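> Below are the sequence and a predicted model for it; my questions follow.
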Amino acid sequence: MEKKTTKKPTTAKELKIKLIHSAIGTTPNQRKTLKALGLRKINQVKVMPDNEAIRGMIKVVAHLVQVEE
């Protein structure tokens, strides 16, 4: 006899990250972080999963981006 288990669909939390300032004048590390986040143009928005790695990247470029949960 098998047990029926119903899994609830997990809704992964996501972050909307918007580039609000230019990368001109930033350090090479900050430019690489923006590239890794996929942000190239001002006002560009990317939806990323809410995890520790993404949060760390946002912390590096916090003065250049706007984050919505």
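Good, I have the coordinates.

> Which stretches in this structure count as strands?
Listed in chain order, the strands of the chain (DSSP state E) span 14-19, 45-49, 65-68.

> surely Ile17 meets Asp50?
No: with contact defined as C-beta atoms under 8 Å, Ile17 does not count as touching Asp50 (10.5 Å). From N, CA and C alone the C-beta is placed, and that goes for glycine too.

> out of those two, which sits in the more crowded spot?
Ile17 (23 against 12; other C-beta atoms under 10 Å).

> Kindly state the beta-bridge partners for the more buried one.
Under DSSP bridges, the beta-bridge partners of Ile17 are Lys46, Val67.

> what's it in contact with, if anything?
Ile17 makes contacts with 37, 39, 45-48, 58, 65-67, as judged by C-beta atoms under 8 Å, 6 or more residues apart in numbering.

> Provide a list of residues in contact with the most centrally placed residue in the chain.
In the chain, the C-alpha nearest the mean C-alpha coordinate belongs to Met48, at 4.2 Å (C-alpha atoms, centre = their mean). Applying C-beta under 8 Å, 6+ apart, one finds that Met48 lies in contact with 14-15, 17, 37, 54.

> Please dump the strands of the chain into JSON lines; it should also carry mean pLDDT for every row.
Below are the strands of the chain laid out as JSON lines (pLDDT from 0 to 100):
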{"stretch": "strand 14-19", "mean pLDDT": "98"}
{"stretch": "strand 45-49", "mean pLDDT": "98"}
{"stretch": "strand 65-68", "mean pLDDT": "97"}
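
> Much appreciated, bye for now.
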